[in-house]
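In: please work out how this folds:
(chains A and B)
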Amino acid sequence: MTSESKPAHFLQNLIREDLAEGRVSQVATRFPPEPNGYLHIGHAKSICLNFGLAQEFGGTCNLRFDDTNPAKEEEEFVDAIKRDVSWLGFEWNGEAKYSSDNFDQLYQWALHLIKAGKAYVCDLSAEEARHYRGTLKEPGKNSPYRDRSVEENLALFEKMRNGEMEEGQCSLRAKIDMAAPNINLRDPIIYRIKKMAHHQTGDKWCIYPSYDFAHGQCDAIEGISHSICTLEFEDHKPLYDWLIENLPVPSRPRQYEFARLHLNYTVVSKRKLKQLVDEGHVDGWDDPRMPTLSGMRRRGFTPTSIRNFCEMIGVTRSDSVVDVGMLEYSIRDDLDKNAPRAMCVMEPLKVTLKNYPEGREEMLSAPGHPVRDDLPARELPFGRTLYIEKEDFREEANKKYKRLVLGKKVRLRNAYVIFAEEVVKNDAGEIVEVICSVDLDSLGKDPADGVKPKGVIHWVSAVNNVECEVRLYDRLFNDSAPDAGGKNFLDCVNPDNLQILKGCKAEIGLAKAAPEQGYQFERNGYFCRDSKYGSAEVPVFNRTIGLRDSWAKEQNK
RNA sequence: UGGGGCGUAGCCAAGCGGUAAGGCAGCGGGUUUUGAUCCCGUCAUGCGAAGGUUCGAAUCCUUCCGCCCCAGCCA
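Out: I've put the predicted structure just below:
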């Protein structure tokens, strides 16, 4: 997808105008996660937007940890977030930034507000403050502490800072308007007491600025030109602007909002994701079924596929729910173009070629990719006994079934045409082996009789292969809106979201597959070696996504 | 009769007064040693609804309807 064929979204247009009219000379954006959890597909949209805009307009994008609440944050998440952003393929401007880098400056600015009579220490408890705040439809009332003198406020704030006040005993509030229709303007709390250590600043502080007091000012300090956030912060913008206008900040950032990503068949809220982990519905935050970037990475999603997906869904201000089908399309699209091909038999059925010499083995060669000749060819050992897929053989079938049928022939992918002559069954009547003859004159060409088999099936040598385990993932939820009102999202968990197949047989080259490297298992889907499970002898392969399957569709008609 | 936002196809989304782009999904067909890919065709007389302005309206005006966000010392 080229940029000239893709129409610009509202933020691109807006930045273009800012640049053209000289309101902004240098584009500077930032991606500002709070380090309180793992990044997920929703964050990817914001990352691609912020870093993408900076790239497009020759600007910069900072990575900033919005760490104003030590109660929720951990260093572990800082590391995970850096890893995920890098993995997606973006490089942040300079060192990673922290809101906490600016705690001293923020404190000075709080003093500035107090001295200007625009902030005061309020002794109302959280509950009292709620009552004074009013409701959505009724204005609030002024706090009885609202008119304290500058000197008194300075002294009190000093005591807050020195730890002489208890948590919840008082807070610092901006003095704006308790009757404002926008509740964010009803004397918002800008500093609160939290007597706890911070992952970056240690024990230096026992008071911490609120999001509202920190965010815009940090934007200004970092010289951010366009501070892009999601729609729910729209109501905070008047407060954002009020603070910028009332403080001697070094630059004038502007906030813009876009709609966050909603994906059907998916939940993304941290609380729910945590519940899936804690209650054992999945294996961890990086379980391949999770919509976290670490889970998707382990599942086999590529950075390119995620970036393309974000490009495809666009950026607007309207709430929308994107079909996971689009995500599935983008990973198939990327892997089809770039993943090496391989063969793997999931449920092996033995095939004996009665006219192929016992003990003989030849090495066949197969292309690494149907059109990419830069991907190396692979070696496929071929012999008298092979495995094919159980479901690729039937004793009888109609002409729609284009696979191996008793008394008919089929092409072995990258190899010979074989003819099914007889079936061997066990005592239970199950087919355990198919005896075939092989047309040794059909390698790389049609059979001499000119009759071209209509089917092609995959196979693997029965004596020279890689034993492996395959994990077939399906959608985690079978309800398109597990999040939607009223229902318990856990009731929507798809009971068949994971099928583990043991005793699968893969072509020998897969023994050295690297974790996360995507392969197409021909006629089946895209897979990658799991980074957590499996051994050198018996690797585990995760199915990233199946191939489109018009045969299954046909059968369901 | 609190404030703020958003409504274009099954889904996402262009469009900014000149007669509804594109993608995903779907449907039909062609190529194919992957029932994949690829290629071709098809898919809104209609833009939340109703009025109005205009030669002309998804675009402007009016009214109405629906959905989302806000009453953390969370972000």
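
In: ok now the host helix or strand of residue A:131, how far from the chain's centre?
Out: Assigning secondary structure by DSSP states H and E places residue A:131 in helix A:126-133. Computed by Cα atoms, centre = their mean, to the nearest Å, the chain-centroid distance of helix A:126-133 equals 39 Å.

In: before we move on, what about stretch A:312-322?
Out: Using Cα atoms, centre = their mean, the mean C-alpha position of stretch A:312-322 is found 16 Å from that of the whole chain.

In: check what pLDDT residue A:1 gets.
Out: At residue A:1, the model reports a pLDDT of 39.

In: oops, could you answer that again for residue A:483 instead?
Out: 87.

In: mind listing what it touches?
Out: Applying Cβ atoms under 8 Å, 6 or more residues apart in numbering, we find residue A:483 in contact with A:267, A:269, A:272, A:489. Bear in mind the C-beta positions are built from the backbone N, C-alpha and C, glycine included.

In: most widely separated two among the residues you listed?
Out: Among the contacts of residue A:483, the pair separated by the greatest distance (Cβ to Cβ) is A:269 and A:489, at 9.0 Å.

In: of those two, who's got more company?
Out: Applying other Cβ atoms under 10 Å to residue A:269 and residue A:489 shows that residue A:489 carries more neighbours, namely 18 against 13.

In: now that one: closest residue in space, sequence neighbours ignored.
Out: Excluding its sequence neighbours, the residue lying closest to residue A:489 (Cβ to Cβ, 6 or more residues apart in numbering) is residue A:482, at 4.1 Å.

In: also residue A:443?
Out: residue A:416 is the one closest to residue A:443 (Cβ to Cβ, 6+ apart), at 5.6 Å.

In: equivalent analysis for residue A:506, please.
Out: That would be residue A:344: by Cβ to Cβ, 6+ apart, it lies 4.0 Å from residue A:506.

In: what is the burial count for the one you found?
Out: 26.

In: phi, psi for it please.
Out: Here is the backbone geometry of residue A:344 (degrees, to the nearest 10): phi -150, psi 130.

In: separation between it and residue A:264?
Out: 30 Å (Cβ to Cβ, to the nearest Å).

In: count the neighbours of residue A:214 for me.
Out: What residue A:214 shows, counting by other Cβ under 10 Å, is a neighbour count of 25.

In: and the pLDDT for it?
Out: 98.

In: what's the answer for residue A:454, then?
Out: 89.

In: near RNA strand B, which residues of the stretch 1-150 of chain A?
Out: A:5, A:7-10, A:13, A:32, A:34, A:66, A:68-69, A:71-72, A:122, A:124-126, A:129-130, A:133-137 (Cβ under 7 Å from any atom of the strand).

In: so what's the backbone phi/psi at the residue of chain A most remote from its centre?
Out: Each residue of chain A has a distance to the centre, and by Cα atoms, centre = their mean the biggest one is for residue A:449: 52.5 Å. Main-chain torsions, residue A:449, degrees, to the nearest 10: phi -70, psi 0.

In: so which of the contacts of residue A:483 belong to helices?
Out: Using DSSP state H to define helices, the subset of these located there is residue A:272.

In: tell me which of the contacts of residue A:483 is nearest to residue A:56?
Out: Using Cβ to Cβ, the contacts of residue A:483 come closest to residue A:56 at residue A:269, 30.5 Å.

In: check contacts around the closest one.
Out: residue A:483.

In: quick check: residue A:432 touching residue A:351?
Out: No: Residue A:432 is beyond contact range of residue A:351, at 10.9 Å (criterion: Cβ atoms under 8 Å).

In: neighbour count: those two, which is higher?
Out: More crowded of residue A:432 and residue A:351, by other Cβ under 10 Å: residue A:351, with 24 against 11.

In: on the three-state scheme, that one is what?
Out: The assignment at residue A:351 comes out as strand when based on DSSP: H, G, I helix; E, B strand; the rest coil.

In: so what pLDDT did it get?
Out: 98.

In: wait, isn't it in contact with residue A:437?
Out: No: with contact defined as Cβ under 8 Å, residue A:351 and residue A:437 do not form a contacting pair (10.8 Å).

In: okay, and the common contacts of these two?
Out: With Cβ under 8 Å, 6+ apart, residue A:351 and residue A:437 have common neighbours residue A:418.

In: tell me the buried residues in the helix or strand encompassing residue A:13?
Out: Using DSSP H and E, the element containing residue A:13 is helix A:10-20. Buried residues in helix A:10-20, counting neighbours by 16 or more other Cβ atoms under 10 Å, are found at A:11, A:12, A:14, A:15, A:18, A:19.

In: for stretch A:313-327, same thing?
Out: A:313, A:314, A:315, A:322, A:324, A:327.

In: these two touch, right, the fifth one and residue A:261?
Out: So the one you mean is residue A:324. No: with contact defined as Cβ under 8 Å, residue A:324 does not reach residue A:261; the gap is 11.3 Å.

In: what does the pLDDT read for the residue nearest to residue A:506?
Out: At residue A:344, pLDDT is 98.

In: could you list the low-confidence segments of chain A?
Out: Within chain A, the stretches with pLDDT under 70 are A:1-5.

In: ok, now with 80
Out: A:1-5, A:485-486, A:557 (pLDDT under 80).

In: how about whichever strand or helix holds residue A:217 and RNA strand B, any contact?
Out: Using DSSP H and E, the element containing residue A:217 is helix A:211-222. Yes: Helix A:211-222 is in contact with RNA strand B by Cβ under 7 Å from any atom of the strand, via A:211, A:212, A:215.

In: kindly export that helix (C-alpha atoms) in PDB.
Out: C-alpha atoms of helix A:211-222 as PDB (Å, rounded to 0.1, in the frame of the first residue of the first chain):
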ATOM      1  CA  TYR A 211      -2.000  12.700  35.200                       C
ATOM      2  CA  ASP A 212      -3.600  16.100  34.400                       C
ATOM      3  CA  PHE A 213      -0.900  18.100  36.100                       C
ATOM      4  CA  ALA A 214       1.900  16.100  34.600                       C
ATOM      5  CA  HIS A 215       1.000  15.200  31.000                       C
ATOM      6  CA  GLY A 216       0.700  18.500  29.200                       C
ATOM      7  CA  GLN A 217       3.600  20.000  31.100                       C
ATOM      8  CA  CYS A 218       5.800  17.100  30.200                       C
ATOM      9  CA  ASP A 219       4.700  17.500  26.600                       C
ATOM     10  CA  ALA A 220       5.800  21.200  26.900                       C
ATOM     11  CA  ILE A 221       9.100  20.300  28.400                       C
ATOM     12  CA  GLU A 222       9.800  17.700  25.700                       C
END
